[in-house]
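Asks: I would like the atomic coordinates for the input below:
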Amino acid sequence: MTPILLQNPTREFTRIYSFGAARGDVVVPNADIIEPINSSDEWIRQRTGVITRMRASRDVEAIDLAETASREAIEKAGIDPSRIGAVLVATISNTVPTPSMAALLAERVGANPAAAYDISAACAGYAYGIAQADALIKSGIAEYVLVVGAEKLSDIIEPTDRSISFLLADGAGAAIVGPSDTPGISPTVWGSDGSKWDTIGMTATTRAYREGAGDIAWPTIRQEGQTVFRWAVWEMAKAAKLALEKAGIQAADLAAFVPHQANMRIIDEFAKQLGLPDTVVIGRDIETTGNTSAASIPLATHRLLAEHPELSGGLALQIGFGAGLVFGAQVVVLP
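Replies: Okay, here's the model as predicted:
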């Protein structure tokens, strides 16, 4: 007779316990970047809402930002890091293809021998991480999960690029996810559209750069702005509405809406499409932080709770979307 395999004790619900944040240490105002892109402060503000962006000094890497944010989240959660069963880092700007940033982060924060891996889902990476943390805890594989979005995008921009470079910034946001007596994370709505794979991406492959013998510049990030804008506003509004449906709530039940901080125009149009009432506070971190890709949702949520502590315990709809094209959304209870 074949023995019956033992299974982990499962948990019914999860929630986010805390957030941590770290932004680049250098303030870069529009005035510093308008000459390379042959533009103006007014043009950048009108198109994106960005006034300043935070970028990291040369000797500060994405892993350093991730560590700072993670230590804050762990301290606020009040748990010993040894209880973290998995470390998930959403990033597109690790300094090396391998090993993962997550493995080094687990070592730095004292979470060894936690499972550790990176998630390459660009601006949707954090939402993907929350979905995976929710599943890992419910299945009994981990008690607590550290989810981090960490980017140093200033390493992969071309200062003269007018499509996206003036938006991008550096930072890290971290969250501790753990078991809960009541539902704290709704079912995730996520997906991809590879037919638009080339609308946000790199200017060249590393192989082409290596074999180009100096004829090809180091690969940097660029986008087809109008295509991305239309997709983000129309298609992502559908995904956000579906996330509300999956959570069993309506827009009026929300305390907050925290979209990926891609562009202020996208955020404003998003709110219109969702028909958000005035009672819903919208996370707007892009004006002074910039677009930090995978880090933008946790950074915006961290700021939102600092400025509006009364939102604690309320429901927040969060949605990330970006290169791939990929997207992920869920409703969470704010810690």
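Asks: where in this protein is pLDDT low?
Replies: Applying pLDDT under 70 to the chain picks out residues 213-214.
Asks: domain ranges for it?
Replies: What automatic domain parsing lists as the domains of the chain is 13-180, 189-333.
Asks: tell me the most buried of those?
Replies: Mean neighbour count (mean count of other C-beta atoms under 10 Å) peaks for domain 13-180 among these, with a mean of 21. (C-beta placed from N, C-alpha, C; glycine too.)
Asks: how long is it end to end?
Replies: End-to-end distance of domain 13-180 (C-alpha to C-alpha, to the nearest Å): 5 Å.
Asks: do stretch 190-205 as well
Replies: Taking C-alpha to C-alpha, the first and last residues of stretch 190-205 lie 27 Å apart.
Asks: packing partners for the helix or strand containing residue 42?
Replies: Here residue 42 sits within helix 41-48, counting by DSSP states H and E. Contact partners of helix 41-48 among helices and strands, from 3 or more C-beta pairs under 8 Å, 6 or more residues apart in numbering; DSSP states H and E: helix 264-274.
Asks: mind checking which of the domains of the chain is nearest residue 5?
Replies: domain 13-180 (13.3 Å; C-beta to C-beta).
Asks: show me where the stretch 201-335 of the chain has its strands.
Replies: Here the stretch 201-335 of the chain has its strands, by DSSP state E, counting those that start in this stretch, at 221-223, 256-259, 281-282, 315-322, 326-333.
Asks: kindly report the same for the stretch 51-200 of the chain.
Replies: Using DSSP E, counting those that start in this stretch, strands in the stretch 51-200 of the chain cover 52-55, 84-90, 115-119, 144-152, 170-180, 189-192, 200-202.
Asks: with adjacent residues omitted, what lies nearest to residue 220?
Replies: residue 158 (4.1 Å; C-beta to C-beta, 6 or more residues apart in numbering).
Asks: ranges for the helices of the stretch 201-335 of the chain?
Replies: Along the stretch 201-335 of the chain, the segments classed as helices by DSSP state H, counting those that start in this stretch run 206-211, 225-230, 236-247, 264-274, 286-289, 296-307.
Asks: likewise the stretch 1-150 of the chain?
Replies: 41-48, 62-77, 101-109, 125-138.
Asks: how much space between the residue positioned nearest the centre of the chain and residue 147?
Replies: In the chain, the C-alpha nearest the mean C-alpha coordinate belongs to residue 294, at 2.7 Å (C-alpha atoms, centre = their mean). According to C-beta to C-beta, to the nearest Å, residue 294 and residue 147 sit 10 Å apart.
Asks: thank you kindly, that will do.
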